[in-house]
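**Q** Give the three-dimensional model of this entry:
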Amino acid sequence: MLRAMSTRTRGGDRGTPPAAGKKSYITPDGAKKLRAELEQLWHVERPRVTQEVADAAAQGDRSENAEYIYGKRRLREIDRRVRFLSKRLDDLTIVNEPPSDPNRVFFGAWVTLEDDDGNEVTYRVVGPDESNVEKGWISMEAPVARALLGKRDGDDVLVRRPKGDITYTIIGIAYTEPSP
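**A** Here you go, the predicted model:
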């Protein structure tokens, strides 16, 4: 449970923030999830752990009281995550509207690609706070997303990867979730 709260982990929907000076974007659903996490931590988790720490402290010797020590550590992690989420939500720009040119790849787009072997894959370009490999949501800072941004349907896109370059053809762009 402690590891899941860390702001240093990448993956799931808890990516690290982009470098300073860059605009940070998030979808309305992503912002809602971050706000819900903040509310859960502040109004449910923190009061519960605070009570557990108070109960453990009432038992006497705190130096050898595992519940007290663990509880204090958990409170520090909750407080750290609450500070991070509060600051992060202030820094994010929520993108509500599709772009003026829906035939090009921008933030929030579902992009269907085809490789040279005819294999198809669909990605959604999202902010680093929402990236999720299992869902096919890639951060706009990922090599594939950076190569796709601004391209049009039918364009060939060269993606430079550590394991070698790959060329995709864009065969679909949508700003509403495509049906499976």
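**Q** Pull the residues that contact stretch 54-71.
**A** Here stretch 54-71 makes contact (Cβ atoms under 8 Å, 6 or more residues apart in numbering) with Val49, Glu52, Val53. Where C-beta positions appear, they are placed from N, C-alpha and C, glycine not excepted.
**Q** low-scoring stretches of the chain, by residue?
**A** 1-22, 179-180 (pLDDT under 70).
**Q** counting residues per helix, which one in it is longest?
**A** Longest helix in the chain, counting residues (DSSP state H): helix 66-91.
**Q** in that one, what counts as buried?
**A** Tyr68, Gly71, Arg74, Leu75, Glu77, Ile78, Arg81, Val82, Phe84, Leu85, Arg88 (16 or more other Cβ atoms under 10 Å).
**Q** What separation do you get for the first one and Leu41?
**A** In this case it means Tyr68. Remark: distance between Tyr68 and Leu41 (Cβ to Cβ, to the nearest Å) = 20 Å.
**Q** Would you state the strands of this protein in chain order?
**A** 25-26, 93-94, 110-115, 120-126, 137-139, 156-159, 166-174 (DSSP state E).
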